Structure formats: structure tokens, C-alpha cells
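**Student:** only geometry, no sequence info:
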């Protein structure tokens, strides 16, 4: 409804508008009521937005304005204005659809702003708060809860008095953010982020990471700089299962008939673009419980690497970050699955190299060795002794490649694999294997599989060895199983 009176040069007017918002899951508002009034060179406007039966947003503004109908003219005057804007108990799940990257599941947002200044240079001050927020970051698999915040709002800056969030269980991680953010190009940003055992990734096929960090984002509003330290308290990088298909040089037809093949699965990983700030000195250190794991591998990592901006490239977006540096392997094993047989290799040495690419796909250089009782590095064919077999895990985290070797350069990959399966360096592929040998190898395989199930649970690393000969005349099936385990430090 609109009402107009007065004169054409000095009109007086009022208007009342009520609108019902069409059903839209992205908006929590059902209806909007607006009242506008003009008289004596001043205009007043109020707005009230409702969600179901409660008021969500209330706004009011009163300011100078020149209005004429003949000739028509409408202009704001540079004189004092007053106003108020408040959001009362906005339920975050109601706006989840307009928040990218997160599914908001709980929380209440409240704001209260007071408007002052002039029409051409308005000022606003006020507060904002968040209580009991919760969200699922689906891209990272992380569930956040107990998010609470208290902010002071001004025309030229936002002051974060408190912003905290919790995530995970046993242990529960947390993050705290404080500082100021200028809202003008001439201002500065000074933010301080602390985390303690905070889950940052929970993706079963990619990684599972908890971090403790102390980071600062400081500098001019246009381009502040991130610096500080990140410690990975607990982490698992998932290595795709390889099976025999990952072994270089094994293409013998008879051998293919002897064992099954497991094809590696590719896992897509990509970093998240970081906008509007540069990366200074940020070190990422490995804590005491960081591993590369798969159905076959369990390797502990140590050392530190650096966080930096990704190098420019055709597939690199501006603002993407990358990791650079070398992590060293500390302990672990690799279990080679060969059809019904398994062989456990003990870690010798190795490294994981991050080369500054935006994908989480480091280069692998890991060596492990398999030996039986009586094995040595002498030539198997000349001395008759059983050789040690060395496995080199190369390639990348997404596409690992396994290569076998021994001191006898004449042994092919297939011959080495035959030795791993039968325990006989001169076994002909395709020929029948002695039943007692086969029984012994199946026992070794079964105990090796048991060890792999124990690893990563109660224990970090489990190595199982069975004697290559009968113990005191007993059959190999009943031989004493020697089991070595490193207890998980966190258990």
C-alpha cells in the first residue's frame, strides 16, 4: 500500500510492502515486510524478515533525502544518518546451501550493527557471535563441532576476540583463531591460528591426518604473509594396493599362470587454492606417528618439509600451495602378496620426496629386504646358498612401482619371484613344487598375513619369520614362529 500527499515540490509519502518468498531451500526466509516513509527532507525505512513464526532480520535506517515530484528529483544529502541492523538467532543449517564446501548441521548466528556517519561516508560498529556451530567438510571428511565465535565489527576492520572449534574424538582436536582483519587496502591483517591435534583430513583412500600448528598471517590487507610451524602429530598416507602387477619386469607367461595379479588403483588428490596471501617460512614437521600404509606396506616417516606456493604450470591454479623437501623412512616393512603367498620385507632405508607440485603425490625411494634362514648376498647359482632379495619401492604415491633385485645380477624378476614363492632358487616355473615346501610356504604366508593385520592396530610394525628348515625334526608346519613387534607408542 502506498499513500502520497503534500505538494509536488514537498511531497509526503508512506509505503508498506509485504512479500512472500518463494520456497527455496537456499533461503531461510519465508516473508519480508518493508515500511518506507518520507517527510520534511528525511526518509525512514524499516525491514523485517521472518522465518516461519520468528523474526530473523530487523533493519532500520533514518537519513536526509531531497525528493521532488515536479521536477522529479531524488538525492541523498550529505548529513548525519542513523540506523540499526540485527540478525536474531539465524539457524545455520537454514543457509547451508549457500555456503560452499561445507554442510552446516548446527549453530546459531547473531549480529547487531549500529549505523552512523553521513550518507556519503557511513560508519558501522557492532558485534557478531556464533554459538554451537557444527559442520561437515565433505571434501576433507572432517566433522567440526562446538564452534563458537565473538567478533567486533567496524567499518574498516573486523576484530576476532574469540573463534574456536573442535573436531574428532580420542583425542579431540581444537583450533583457536584471534586477531584483526582490515577492510581497506591501506590496512593490515594480523591473525594468529593455533591448533592442537586437529583432524584436517579423514579420507579412507587418501590420508588421515591430525596436526598441531602455530601460524601467523600478517601483512598488508592486499597480500599478507603466512608463516609458522605445523607438526603432523598422527598421520597415515594411503598407498594404493599393488600386488604382482606393480612389479617391474615380471612378464613371464608361466609365472603369470602361477600367481594372481592385483592392479593398482589411482587416487585423485589435489590441494586447495589459497587466495590473497603469500607463503613465507612455513615448516611441516613429522611427529612420532606418521606412516605410509597400504594392504602391503607399513613405513614410518620422519623429518620435516616446507610449505610453499606451487610452481606455475599449465594445470596449476594461482594460489595453490605445495610441499617441498625430503622425508626419511625410519622403520617398517613391506608385504608382497603373490597369489596365495605373502612375503614380508624389512625396511632398510628410504625417503619420500616432495617436489613442489600441488598434488599430494611425492616420489618414493624405499628399500626393503627379504631373507630366509641361511640367506646371504652371495651368488645363489654359484654357491647354492639362498640369496637375500631386495625390494625397491619407487614411482609415486599415486603410482608406486616395485622392483626386485639380489647380488646375483643374472637372476630375472621372474626367477626372484619364483624363489619368493617356492623357497628354491632353481625351481622351474610351471613344475610341481614339493608338498613339504609348499606347506612351509603357506604357513609363512598365513603368519605374514596375521602380522599385517596386527600392524597399525595394537602394534606399529609386526615381522614374522619361520625357519626354513624343520626344528628338531618337526615338520615345517609345526615349526616355531618367531614374531617381532614394535608396540605402538600411542597405545
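**Tutor:** Everything's here; your move. Predicted model, so just to flag it, every value in this text is computed and none were measured.

**Student:** so in the protein, where's the weakest helix or strand by average pLDDT?
**Tutor:** helix 253-258 (a mean of 36; mean pLDDT, DSSP states H and E).

**Student:** after that one, which helix or strand is next?
**Tutor:** Using DSSP states H and E, the next helix or strand after helix 253-258 towards the C-terminus is strand 278-293.

**Student:** for that following strand, packing partners?
**Tutor:** strand 207-220, strand 225-238, strand 297-302, strand 304-309, strand 321-338 (3 or more CB pairs under 8 Å, 6 or more residues apart in numbering; DSSP states H and E). Just so you know, the C-beta spots here come from the backbone N, C-alpha and C atoms, and that holds for glycine as well.

**Student:** okay, buried residues for the helix or strand following the longest one please.
**Tutor:** In this case it means strand 321-338. Per DSSP H and E, the first helix or strand lying C-terminal to strand 321-338 is strand 341-355. Judged by neighbour count using 16 or more other CB atoms under 10 Å, the buried positions of strand 341-355 are 341, 342, 343, 344, 345, 346, 347, 350, 351, 352, 354.

**Student:** ok, so of those residues, who is nearest residue 92?
**Tutor:** residue 354 (36.6 Å; CB to CB).

**Student:** so how far is residue 422 from that closest one?
**Tutor:** 40 Å (CB to CB, to the nearest Å).

**Student:** please apply the same query to residue 411.
**Tutor:** 14 Å.

**Student:** one more: residue 142?
**Tutor:** For residue 142, the distance to residue 422 - CB to CB - is 47 Å.

**Student:** this structure: helices as residue ranges?
**Tutor:** 253-258, 380-383, 413-422, 435-454 (DSSP state H).

**Student:** and stretch 355-364, average pLDDT?
**Tutor:** Stretch 355-364 comes out with an average pLDDT of 86.

**Student:** end-to-end on it?
**Tutor:** Stretch 355-364 stretches 11 Å from its first residue to its last (CA to CA, to the nearest Å).

**Student:** buried residues, it. List them.
**Tutor:** 357, 358, 359, 360, 361, 362, 364.

**Student:** from the residues you listed, pick the one nearest residue 3.
**Tutor:** residue 358 (61.5 Å).

**Student:** tell me which residues touch residue 38, please.
**Tutor:** 11, 12, 13, 14, 44, 65, 67 (CB atoms under 8 Å, 6 or more residues apart in numbering).

**Student:** hang on, I meant residue 203
**Tutor:** 140, 141, 238.

**Student:** need the residues you listed in JSON lines (columns: neighbour count and distance to residue 289).
**Tutor:** Formatted as JSON lines, these follow (neighbours: other CB atoms under 10 Å; distance: CB to CB, whole Å):
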{"residue": "140", "neighbour count": "18", "distance to residue 289": "20"}
{"residue": "141", "neighbour count": "16", "distance to residue 289": "19"}
{"residue": "238", "neighbour count": "19", "distance to residue 289": "15"}
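
**Student:** need those residues in a markdown table (columns: pLDDT and distance to residue 287).
**Tutor:** Listed next are those as a markdown table, based on pLDDT from 0 to 100; distance: CB to CB, whole Å:
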| residue | pLDDT | distance to residue 287 |
| --- | --- | --- |
| 140 | 90 | 19 |
| 141 | 91 | 20 |
| 238 | 89 | 18 |
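
**Student:** now the closest residue to residue 84 other than its chain neighbours: how far from residue 284?
**Tutor:** Spatial nearest neighbour of residue 84, excluding adjacent residues (CB to CB, 6 or more residues apart in numbering): residue 60 at 4.9 Å. The spacing between residue 60 and residue 284, counted by CB to CB, is 50 Å.

**Student:** quick one, which of the two is more surrounded?
**Tutor:** residue 284 (20 against 16; other CB atoms under 10 Å).

**Student:** quick one on the thing from earlier: of all the helices and strands packed on strand 278-293, which lies closest to residue 397?
**Tutor:** The closest of the helices and strands packed on strand 278-293 to residue 397 is strand 225-238. By CB to CB, the value is 6.4 Å.

**Student:** name the strands paired with the closest one and say parallel or antiparallel.
**Tutor:** strand 207-220 (antiparallel), strand 278-293 (parallel) (DSSP bridges).

**Student:** of all those strands, which one comes closest to residue 85?
**Tutor:** That would be strand 207-220 among these, by CB to CB, at 28.3 Å.

**Student:** can you pull the buried residues of that closest one?
**Tutor:** 207, 208, 209, 210, 211, 212, 213, 215, 216, 217, 218, 219.

**Student:** now do stretch 120-140
**Tutor:** For stretch 120-140, using 16+ other CB under 10 Å, the buried residues are 126, 127, 128, 130, 131, 133, 134, 135, 136, 137, 140.

**Student:** sorry, back to before: the residue nearest to residue 84 bridge partners, please.
**Tutor:** residue 46, residue 84.

**Student:** OK, contacts around it?
**Tutor:** 44, 45, 46, 47, 83, 84, 85 are the contacts of residue 60 under CB under 8 Å, 6+ apart.

**Student:** what residues are up against residue 184?
**Tutor:** By CB under 8 Å, 6+ apart, the neighbours of residue 184 are 156, 221.

**Student:** which residues touch the nearest residue to residue 80 once chain neighbours are set aside?
**Tutor:** Spatial nearest neighbour of residue 80, excluding adjacent residues (CB to CB, 6+ apart): residue 118 at 5.9 Å. Counting by CB under 8 Å, 6+ apart, residue 118 touches 78, 79, 80, 81.

**Student:** the residue lying closest to residue 140 once chain neighbours are set aside pairs with what?
**Tutor:** Closest residue to residue 140 apart from its sequence neighbours, by CB to CB, 6+ apart: residue 201 at 5.2 Å. Residue 201 has these beta-bridge partners by DSSP bridges: residue 209.

**Student:** many thanks, I have nothing further to ask.
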